[in-house]
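Engineer: I would like to see how this sequence folds:
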Amino acid sequence: MPRPFYPVFLAVMTLGAGVASAELIEKSDAWEQIRDGEYLVENNTWNIQAAGPGRWSQTVFCDPATGRRGWRWDFPGQNAVLKTYPEIIYGKKPYENYTSTTPRLPAPLATARFRLEYDYAAKAVGAYNTTTDITFTDRAAAGEKDIRAKLMIWFDHQNVPFFDPSRTTQAVIAGRPHRVFIERDHDAADGKWSFIALLPEALPARGELDLTAYFTYLQSVGALQSEWFLASIEVGSEIASGTGEVTFRRFVVH
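Structural biologist: Model (predicted):
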């Protein structure tokens, strides 16, 4: 669906995840965005209607001086339904109101060579996860109707269980064991596409992900097609309840 854009900026001086600079920007309204070079931080509230009339808050932040980006939330007394996905976007999110943040994406999957360098910290109670949302389309234009697959690589999760073990398999990708869930005919509001979720074993809070190795594996099992395009590489937290903060001290796509 189209995503609204709000261009208001708010500068503040403090941040719980570390000392902030005078350049720190925070935004708390639904779908507000902060542009930071080739990256876009977005206060994604895709299913906020599930929160009902109760009190809640969610803020995204970016500190250009230190490179920190992230989000904090307060969803007291909420149920376990996922409600939001505050995130960092690199590339072309495949919806009408988005343009690509970088000339590198969209790119043909057959020649896509990418790795993700990250360093993050999560402090929260309640129910949430932190995961990529990597989108593949069948056209370079990368519109909503062009989506053919989405890939989630889970960094961590708390009170949000991974998928039913009877529906998952095991695979070693880039030298690390993973639980693998693939739903080839996922039926979503924007059409049917392949939904892929991977849970790495003992993923450190700082390191690199060889995204090309993931793409190669998923093509080998038929979950991705070489003629598709890599549209966007995103990371965020699916949030259901509780209070917390996730800070990416570093999130760089190479």
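Engineer: where's residue 105 relative to residue 85, distance?
Structural biologist: From residue 105 over to residue 85 the distance is 19 Å, taken as C-beta to C-beta, to the nearest Å. Where you see a C-beta, it was placed from the backbone N, CA and C, and this is true even at glycine.
Engineer: what helix or strand is residue 157 on?
Structural biologist: Using DSSP states H and E, residue 157 falls within strand 147-158.
Engineer: any idea how far the spatially closest residue to residue 219 that is not a sequence neighbour is from residue 204?
Structural biologist: Excluding its sequence neighbours, the residue lying closest to residue 219 (C-beta to C-beta, 6 or more residues apart in numbering) is residue 226, at 5.9 Å. In this view, residue 226 and residue 204 are 31 Å apart by C-beta to C-beta.
Engineer: Point out the other elements, helices or strands, that the longest strand along the chain touches.
Structural biologist: As assigned by DSSP state E, the longest strand anywhere in the chain is strand 116-137. In this structure, strand 116-137 makes packing contacts with strand 68-75, strand 147-158, strand 206-209, strand 229-236, strand 239-253, judged by 3 or more C-beta pairs under 8 Å, 6 or more residues apart in numbering; DSSP states H and E.
Engineer: from these, which stretch is densest packed?
Structural biologist: When those are scored by mean count of other C-beta atoms under 10 Å, the highest mean neighbour count falls to strand 229-236 (a mean of 26).
Engineer: the inter-axis angle of it versus strand 68-75?
Structural biologist: Counting by axes from the mean of the first three to the mean of the last three C-alpha atoms, to 10 degrees, strand 229-236 lies at 60 degrees to strand 68-75.
Engineer: May I see the buried residues of stretch 93-100?
Structural biologist: Neighbour-count burial for stretch 93-100, counted by 16 or more other C-beta atoms under 10 Å, picks out 93, 94, 95, 98, 100.
Engineer: Surely the second one is in contact with residue 148?
Structural biologist: No. Because the distance of 9.9 Å does not satisfy C-beta atoms under 8 Å, residue 94 is recorded as not touching residue 148.
Engineer: Quick check: residue 177 vs residue 170, distance?
Structural biologist: Applying C-beta to C-beta to residue 177 and residue 170 gives a distance of 7 Å.
Engineer: which one of the two has more residues nearby?
Structural biologist: residue 177 (12 against 9; other C-beta atoms under 10 Å).
Engineer: returning to what we had before: by pLDDT, give me the weakest of the buried residues of stretch 93-100.
Structural biologist: In terms of pLDDT, residue 95 ranks lowest among the buried residues of stretch 93-100, with 92.
Engineer: is it true that that residue lies in a strand?
Structural biologist: No. Residue 95: not assigned to a strand; according to DSSP: H, G, I helix; E, B strand; the rest coil it is coil.
Engineer: I'd guessed it sits against residue 142; true?
Structural biologist: No. With contact defined as C-beta under 8 Å, residue 95 does not reach residue 142; the gap is 9.1 Å.
Engineer: what's the residue nearest to residue 219 in contact with, if anything?
Structural biologist: 109, 110, 219 (C-beta atoms under 8 Å, 6 or more residues apart in numbering).
Engineer: Look up the residues forming beta bridges with the most centrally placed residue in the chain.
Structural biologist: With distances taken as C-alpha atoms, centre = their mean, the residue of the chain nearest its centroid is residue 235 (2.6 Å). Residues in a beta bridge with residue 235, per DSSP bridges, are residue 88, residue 132.
Engineer: wouldn't it be in contact with residue 131 here?
Structural biologist: Yes. With contact defined as C-beta under 8 Å, residue 235 counts as touching residue 131 (7.1 Å).
Engineer: any residues in contact with both of the two?
Structural biologist: By C-beta under 8 Å, 6+ apart, the residues touching both residue 235 and residue 131 are residue 155.
Engineer: Only the buried residues of stretch 80-95, if you could.
Structural biologist: 82-95.
Engineer: now swap in stretch 119-139 and tell me
Structural biologist: 119-120, 122, 124, 126-138.
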